[in-house]
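1. Here's my sequence, what's the structure:
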Amino acid sequence: MKKENDRLKITMNEEASKAKHMIDILTEECRKAQAKACKFDRDTRTELAVQSEIAKMRLPALASNGDRKSWNEDYMNNSTSKGPSTENYEASLPSAEAFDLIRKQKEEIQEERMMYSETLQEHDDLLALVAQQDLEKCCLREALIEVAGYQVADEAMKRAEEFAVNRYGNALQVVN
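-> Prediction:
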């Protein structure tokens, strides 16, 4: 009985070490996903600003006709609602350039969709890992209850929560 108890304690310590390691890995993956999301937001804002500047740079053809000021005013007035008027925009953008711009935007949209899919897959993977950790925790708790009783198991859970609070700032309760 004592050997089995010692073996279970060793197994529990090994599993706790594995769980700690897995939590560290998950925490790092979560930080990476958050960094990707921030970069995605920043890149989107930058791209919008670049597109606005490109539209402004394509206006020199209209400047010689004296239409630049009116187009800019039109652009600024309509940018919050529906964008620049199409007739002035089409006049400043030859069809070949419009095609290139549309192709570039299509490629960028595909890239953004791919990044979103990757982020979604990472999220699903993290959820699966959390579920696996929860199952392992439940199995270890049941084994500890069988060997040492409910009180020891509850104390172990409290210690684990305290450790999580000390190390990560909070502890989450997963309700089964």
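2. per-residue pLDDT, K106?
-> We have a pLDDT of 86 for K106.
3. And for the one 10 residues further on?
-> For Y116, the model assigns a pLDDT of 93.
4. residues contacting F163?
-> Contact partners of F163, counting by CB atoms under 8 Å, 6 or more residues apart in numbering, are absent. C-betas here are computed from N, CA, C, even on glycine.
5. So for whichever strand or helix holds it, what gets flagged as buried?
-> Per DSSP states H and E, F163 falls inside helix 150-168. Neighbour counts using 16 or more other CB atoms under 10 Å place A153, A156, A160 of helix 150-168 among the buried residues.
6. Run through this structure and note the low-pLDDT ranges.
-> By pLDDT under 70, the low-scoring segments of the chain are 57-93, 173-176.
7. by how many degrees do the longest helix anywhere in it and helix 150-168 diverge?
-> The single longest helix within the chain, with elements called by DSSP state H, is helix 2-57. Following axes from the mean of the first three to the mean of the last three CA atoms, to 10 degrees, one obtains 30 degrees for the angle between helix 2-57 and helix 150-168.
8. Quick one: list the elements packing against helix 2-57.
-> In terms of contacts (3 or more CB pairs under 8 Å, 6 or more residues apart in numbering; DSSP states H and E), helix 2-57 is packed against helix 95-148, helix 150-168.
9. and the angle from the longest one to helix 150-168?
-> Yep, that's helix 95-148 we're talking about. 150 degrees.
10. what packs against helix 95-148?
-> For helix 95-148, the packing partners by 3+ CB pairs under 8 Å, 6+ apart are helix 2-57, helix 150-168.
11. who wins for proximity to Q110 among those?
-> Q110 lies closest to helix 2-57 among these, at 14.0 Å (CB to CB).
12. where's the closest one relative to the chain centroid, distance-wise?
-> Relative to the chain's own centre, helix 2-57 is displaced by 9 Å; criterion: CA atoms, centre = their mean, to the nearest Å.
13. Buried by neighbour count: which residues of stretch 46-53 qualify?
-> Per 16+ other CB under 10 Å, stretch 46-53 contains no buried residues.
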